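Enquirer: the following block contains a protein sequence and its predicted model.
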Amino acid sequence: MSVNAVSVGVDDALLLPATTFQAGPGQIVALRGENGSGKTTLLRVLTGRARPTAGTVQVCGGPVNERDPAFRRRVATMIGLPPMASDLTVFDHVALVSSTWEQDPGSVESAARSVLTEFDLVALSTRYPHELSSGQTQLFGLALAFVRPFDVLLLDEPEQRLDPERTELLARAMLDRRASGATIVAATHSDRLADRTADRTLTLEARS
Ligand SMILES: Nc1ncnc2c1ncn2[C@@H]1O[C@H](COP(=O)(O)OP(=O)(O)OP(=O)(O)O)[C@@H](O)[C@H]1O
């Protein structure tokens with residue numbers, strides 16, 4: 001991933017000041033900075049949900065294009081909670097996402113069970129989304145991001161609503177995917193998560 005002098009502006013507002021960084025396979029970058037410094041905007045640029053006003057971006061060696069299935073196959077994101085179907089259980093959702101990306105249909109159920117175990121959600125497998133606490137909902141969203149294969153994972157404050165034990169589950173899941181060669185960029189306000197996982201920190205400077 002290569003970000004070169006990328007900035008984002010809307011009318012007179014500067015959402016992201018000029019930012020440059022690189023991240024390779026097997027690296028975790030913690031994106032730090034105070035509220036409003038541009039972390040989510042940078043993640044949105046990396047997913048293709050926002051266009052840079054200036055600068056260049058490459059993800060997985062090519063241009064960013066959310067509409068390209070090959071790009072989406074390689075890049076997973078969790079920016080806010082994903083939409084959820086009120087009449088599908090936690091297990092149904094996770095299996096549905098897994099089945100979208102898993103080449104071998106016979107592996108879907110085991111992949112779903114594995115990620116539910118990883119995020120301590122097995123006991124909640126048969127619940128509906130509206131039957132989860134806020135922290136459990138966050139874990140559920142994370143399970144939907146982590147159940148699928150990816151080369152690049154973009155996370156926006158993934159530690160939100162999590163207690164220290166569940167934050168540790170998240171850290172372990174991130175380190176596990178890093179060990180498999182993934183590049184992870186995580187915007188976070190958690191010193192604990194950054195200290196535990198990050199190879200590098202990129203701090204966006206606040207504007208006056
Ligand atoms: N559509 C918009 N028009 C103008 N300014 C915007 C717009 N969207 C976001 N901003 C501004 O862009 C700046 C960066 O927002 P962004 O959400 O990227 O910050 P952040 O670092 O993720 O903040 P937080 O830590 O609060 O999540 C903020 O000052 C925000 O008010």
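Expert: Okay, I see it. Numbers count the residues shown, from 1 in each chain.

Enquirer: where does the one residue sitting closest to the centre of the chain sit: helix, strand or coil?
Expert: In the chain, the centroid-proximal residue (CA atoms, centre = their mean) is Leu155; its distance is 2.6 Å. Counting by DSSP: H, G, I helix; E, B strand; the rest coil, the backbone at Leu155 sits in strand.

Enquirer: you'd agree His130 is in a strand?
Expert: No. Assessed by three-state DSSP, His130 does not belong to a strand; its assignment is helix.

Enquirer: can you tell me, leaving aside adjacent residues, what's nearest to it?
Expert: Ser86 (6.4 Å; CB to CB, 6 or more residues apart in numbering). Where you see a C-beta, it was placed from the backbone N, CA and C, and this is true even at glycine.

Enquirer: correct me, but that neighbour touches Leu132?
Expert: No. At 11.9 Å, Ser86 does not count as touching Leu132 under the criterion of CB atoms under 8 Å.

Enquirer: interface residues of this structure facing the ligand?
Expert: 10, 13, 15, 33, 35-41 (CB under 6 Å from any ligand atom).

Enquirer: dump these into a markdown table; add pLDDT and neighbour count as well.
Expert: Listed next are the residues of the chain next to the ligand as a markdown table, based on pLDDT from 0 to 100; neighbours: other CB atoms under 10 Å:
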| residue | pLDDT | neighbour count |
| --- | --- | --- |
| Val10 | 93 | 10 |
| Ala13 | 92 | 8 |
| Leu15 | 95 | 19 |
| Gly33 | 96 | 17 |
| Asn35 | 95 | 7 |
| Gly36 | 95 | 12 |
| Ser37 | 95 | 20 |
| Gly38 | 97 | 24 |
| Lys39 | 97 | 25 |
| Thr40 | 98 | 19 |
| Thr41 | 97 | 24 |
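
Enquirer: how about the helices in this protein?
Expert: Taking DSSP state H, the helices of the chain run over residues 39-47, 69-74, 90-101, 108-118, 134-146, 164-179, 191-197.

Enquirer: distance of the residue nearest to Asp87 when sequence neighbours are not counted from Ala5?
Expert: Leaving out its chain neighbours, the residue that sits closest to Asp87 by CB to CB, 6+ apart is Tyr128, at 7.1 Å. Going from Tyr128 to Ala5 by CB to CB, to the nearest Å gives 46 Å.

Enquirer: quick one: neighbours of the residue nearest to Asp87, just the number.
Expert: 16 (other CB atoms under 10 Å).
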